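In: Prediction below, plus the sequence it came from.
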2 protein chains.
Amino acid sequence: MNATMTAERKPRRTPTPMNGVDTPTLLATIQAVGAQPELAKFQFRTKSEWIAGTHSRSSMSGFYGAGAEQKHVADYTADGDHPAVLCGKDAAPTPVEWVLHALASCLTAGIANIAAARGVNLRRVESIVEGDIDLRGILGLSKDVRNGYQGIHVSFEIEGDASRADLEQIIKQSRDRSAVLDVLTNGVPVTVTVV
Amino acid sequence: MNATMTAERKPRRTPTPMNGVDTPTLLATIQAVGAQPELAKFQFRTKSEWIAGTHSRSSMSGFYGAGAEQKHVADYTADGDHPAVLCGKDAAPTPVEWVLHALASCLTAGIANIAAARGVNLRRVESIVEGDIDLRGILGLSKDVRNGYQGIHVSFEIEGDASRADLEQIIKQSRDRSAVLDVLTNGVPVTVTVV
């Protein structure tokens, strides 16, 4: 008997709802998308309007996916603004903070899903995301300084019914499958047009 | 008299508040940062906590910049969740929609600032941001499909007291100086650690 045979003989765990994740439905959904790949094509959208100064508001209500137009349960809105120290009215988080929120929420959602699929009950997941930026870029004061973050660091605290190694492996898998981490680290083509 | 001489003789516009932007203070701030580059070093942060399932909440209250710890006027919070079609509770916009909001709010803030600095009164700025994604990446169904957006498109409508060419030039300048557009198109190093 070798390691492979042991793995093969290991009984397949029956997926059960866990961590607030409907694991059986999640795994069935993944299977359905695997059988019908066009279901995987999604388009997310936000509609944004300028309010005043550096303050704007986005609305996120509809998106396309699973072969049809979809609607959020509510018409979500969110604002963005520059802080007072940058001459904004500080009416909302800054655009660059929204990037950090996007990253944190993506990684955390993945952790909960992956833990559920692995049968690991989570008790607590917290993170601090820090982004370092030198504003000489966006202020046009230096050609040698980039406009955006020079680096982003995510620090997780996690508690659950598994070994530290298994919990770390769940975080690693979430990082490896994160949509937001992918676009932030690898970049994505962005086009800007004027109607 | 050549073009250069014409440009030199053009009277320098006195900056005036416009578009809700305190233009004189903004330009003075840029000048101050130019004289003291350490003021340009900022660190933005979000603290995120898992709520249940794919639902999490971020808080954005403090950041470092202009040589000191800063506080937002309020402790801002925002949630993230997966939609029902992906087995989430749809309690909030998705992480990838937050990326689109970050981009829209960054470009729009830049447009208002740049227009004010150029003496252009804006009446309306709206945008639609669309991101296309194939979920076979994050669902682990294909090694050939990336996890994140395959492309993002921003479409602006803009009205103001300037020619269409000048308004388009303002949008172009905002794109060229956008922190969020930079990290999305060029990528940024992201580290993930476990405490």
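Out: On my side now, so go ahead. Numbering: from 1, shown residues only, chains lettered A, B, ... in the order given.
In: What pLDDT is listed against the residue nearest to A:Pro83 when sequence neighbours are not counted?
Out: In space, and not counting its chain neighbours, A:Pro83 is closest to A:Asp90: 4.9 Å by C-beta to C-beta, 6 or more residues apart in numbering or on different chains. In short, each C-beta sits where N, CA and C put it, glycine included. What the model reports as pLDDT for A:Asp90 is 98.
In: Distance of A:Asp90 relative to A:Asn19?
Out: A:Asp90 sits 36 Å away from A:Asn19, taking C-beta to C-beta, to the nearest Å as the criterion.
In: okay, and for chain A, where does confidence drop off?
Out: A:1-12 (pLDDT under 70).
In: Just give me the residue closest to the centre of it.
Out: A:Cys106 (1.9 Å; C-alpha atoms, centre = their mean).
In: doesn't A:Leu181 make contact with that residue?
Out: Yes. At 6.7 Å, A:Cys106 and A:Leu181 qualify as touching, with contact defined as C-beta atoms under 8 Å.
In: measure stretch A:137-147 end to end?
Out: With C-alpha to C-alpha, to the nearest Å as the measure, stretch A:137-147 spans 4 Å from end to end.
In: which parts of it are buried?
Out: Using 16 or more other C-beta atoms under 10 Å in any protein chain shown as the burial criterion, the residues of stretch A:137-147 that qualify are A:137-139, A:141, A:145-147.
In: what do you get for stretch A:93-104?
Out: A:93-104.
In: ok, back up a step: tell me the one of the buried residues of stretch A:137-147 nearest A:Asp176?
Out: A:Arg146 (25.8 Å; C-beta to C-beta).
In: secondary structure class for the nearest residue to that closest one once chain neighbours are set aside?
Out: Distances taken as C-beta to C-beta, 6+ apart place A:Gly137 nearest to A:Arg146, at 5.1 Å, with adjacent residues excluded. Three-state call for A:Gly137 (DSSP: H, G, I helix; E, B strand; the rest coil): coil.
In: I'd assumed A:Val96 was in contact with A:Gly137.
Out: No. Using C-beta under 8 Å, A:Gly137 makes no contact with A:Val96, being 11.6 Å away.
In: Pull up the overlap in contacts between those two.
Out: Common neighbours of A:Gly137 and A:Val96 (criterion: C-beta atoms under 8 Å, 6 or more residues apart in numbering or on different chains): A:148, B:179.
In: can you map out the strands along chain A?
Out: For chain A, the strands defined by DSSP state E occupy A:41-52, A:55-65, A:68-80, A:122-134, A:151-160, A:190-194.
In: possible to save those as CSV with mean neighbour count?
Out: Output for the strands of chain A, formatted as CSV (neighbours: other C-beta atoms under 10 Å in any protein chain shown):
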stretch, mean neighbour count
strand A:41-52, 21
strand A:55-65, 21
strand A:68-80, 16
strand A:122-134, 20
strand A:151-160, 18
strand A:190-194, 16
